[in-house]
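*Asks:* Okay, here's the prediction I keep looking at, along with the sequence it came from:
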Amino acid sequence: MKNLKLLLLFLLPLVSCNNDDEETVAPIITNDAMYFPSNTDTNWETKSLASLGWNQSAVQPLKDYLILKNTKSFIILVNGRIVMEEYFNGHAANTSWQWNSAGKTLVSATTGIAQQEGLLNINNKVSDYIGTGWTSEPIDKENLIKTKNLLTMTSGISDASNLVITSNLTYVADAGTRWAYGNVFQKLMDVVAGASNQNFETYFDSKLKNKIGMDGFWNNGIIFKVYNSNSRSMARFGLLALNKGKWKNETILNETFFNESTTTSQNINPSYGYLWWLNGKSSFMIPGSQNVFPNALVSNAPADMYAAMGAEDQRIYVIPSKNMVIIRMGTASDPGNPTFAVSGFDNELWLKINDVIN
């Protein structure tokens, strides 16, 4: 009987996985308990599409679409296990790629960790940590800007330029009265550095990156610091987010702050938390616009989804109701119309994903 069970397990369709490193391919697991990969072991457990009852005939159309839309890597986790892992266009499991603004969520988490360690309070003004004169605003207006305003894109600072230098940080509205997507969020890195009395990357590495086994680094981009890593490291952070800041038995980021991060953070754009995008809300705003759109952010995706979104369609989708994390890295899905965050690509991609998972 034991041999028969082993034979039946072997005959189950293997997980869809195109990986150049054979050591990363693990036996299929059907246990539904939450799984966390070892911080050093590349032998990440997998789960078969068949065991989930997914539509395997829809997998190839999904892959074809991903290739058509300039995708380099695509991963689906369910309960932490890899169900799909695909690499395209010469990309490989060990290749680093930029997160772009999806990396804002790393800054959000690191800010939360600094708060739980008592180093800062997001309700205190930014100048408490980096000094006055960090903007070109009148001092009374600058002192209205709290750390929380940087987390929620409500600083009131001009978003006309994405280059964060003092001369560009000019007054448009009082902090908390206007939502505008921009790169001034990166001042949070200075806040954490000032509060912790160390370089932001050093603090980030010790408190977040190393604890969950991520690889990667921050590089100085043309406009702001951008995080780069392999795709599985992005998936690791998505798994941490699915588990509301917990990794195995350790609390990396306390659940209270994480829940605040993935809940409407202000009354102007309900689809925005602490640098996380939120689905299923009554309306949303987009970068570079003050227009309000009366729909959910990604209508084809589950309503409870929250997402890290970056330029050229870098994505972490987290869907708690399905215990699922989805990663997409690549170049812009539409090179002629690149976006900084939300794009029509999300809805189109979710049509293909739904064909597989439903």
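*Replies:* Arrived safely, thanks for sending.

*Asks:* Toward the C-terminus from the strand or helix carrying I76, list the very next helix or strand.
*Replies:* Following DSSP states H and E, one finds I76 within strand 71-78. Sequence order places strand 81-87 as the next helix or strand after strand 71-78, per DSSP H and E.

*Asks:* residues contacting G288?
*Replies:* For G288, the contact set (CB atoms under 8 Å, 6 or more residues apart in numbering) comprises D159, Y181, F340. Where C-beta positions appear, they are placed from N, C-alpha and C, glycine not excepted.

*Asks:* domain ranges for the protein?
*Replies:* 15-74+81-87, 97-321+348-357 (automatic domain parsing).

*Asks:* Run through the stretch 1-150 of the chain and note the low-pLDDT ranges.
*Replies:* Applying pLDDT under 70 to the stretch 1-150 of the chain flags residues 1-31.

*Asks:* now with 90?
*Replies:* For the stretch 1-150 of the chain, applying pLDDT under 90 flags the ranges 1-32, 40-43, 89.

*Asks:* likewise the stretch 201-350 of the chain?
*Replies:* 220-225, 336-344.

*Asks:* all helices of this protein, in order?
*Replies:* Along the chain, counting by DSSP state H, helices occupy 2-11, 49-52, 59-68, 104-116, 127-130, 139-142, 147-152, 187-196, 200-204, 231-242, 255-261, 344-357.

*Asks:* got a list of what the residue positioned nearest the centre of the chain touches?
*Replies:* In the chain, the centroid-proximal residue (CA atoms, centre = their mean) is A308; its distance is 3.0 Å. By CB under 8 Å, 6+ apart, the contact set of A308 is W99, A102, G103, K104, T105, G238, A241, W276, W277, Q314, R315, I316.

*Asks:* K248 too?
*Replies:* F36.

*Asks:* same check, this time on P287
*Replies:* By CB under 8 Å, 6+ apart, the residues touching P287 are Y181, G182, T339, F340, A341, V342.

*Asks:* Going by distance to I252, which of those wins?
*Replies:* Taking CB to CB as the measure, I252 lies nearest A341 of the contacts of P287, at 25.0 Å.

*Asks:* what's the distance between that closest one and Q266?
*Replies:* For A341, the distance to Q266 (CB to CB, to the nearest Å) stands at 17 Å.

*Asks:* And those two? Which one has more around it.
*Replies:* A341 (24 against 18; other CB atoms under 10 Å).

*Asks:* if I read this right, that one contacts M309, doesn't it?
*Replies:* Yes - assessed by CB atoms under 8 Å, A341 is found in contact with M309 at 4.3 Å.

*Asks:* and for the two, which residues touch both?
*Replies:* Counting by CB under 8 Å, 6+ apart, the contacts common to A341 and M309 are S101, W277.

*Asks:* wait, F257 sits on T251?
*Replies:* No - using CB under 8 Å, F257 is not in contact with T251, being 10.5 Å away.

*Asks:* Between the two, which contacts overlap?
*Replies:* With CB under 8 Å, 6+ apart, F257 and T251 have common neighbours G245.

*Asks:* Settle it for me: which of these two has more neighbours?
*Replies:* F257 (19 against 14).

*Asks:* count of neighbours near the spatially closest residue to that one that is not a sequence neighbour?
*Replies:* What sits nearest to F257 in space, not counting adjacent residues and going by CB to CB, 6 or more residues apart in numbering, is G112, at 3.8 Å. Neighbour count for G112, taken as other CB under 10 Å: 24.

*Asks:* and G112, what is it in contact with?
*Replies:* Counted by CB under 8 Å, 6+ apart, G112 has contacts G245, L253, N254, F257, F258, S261, Y274.
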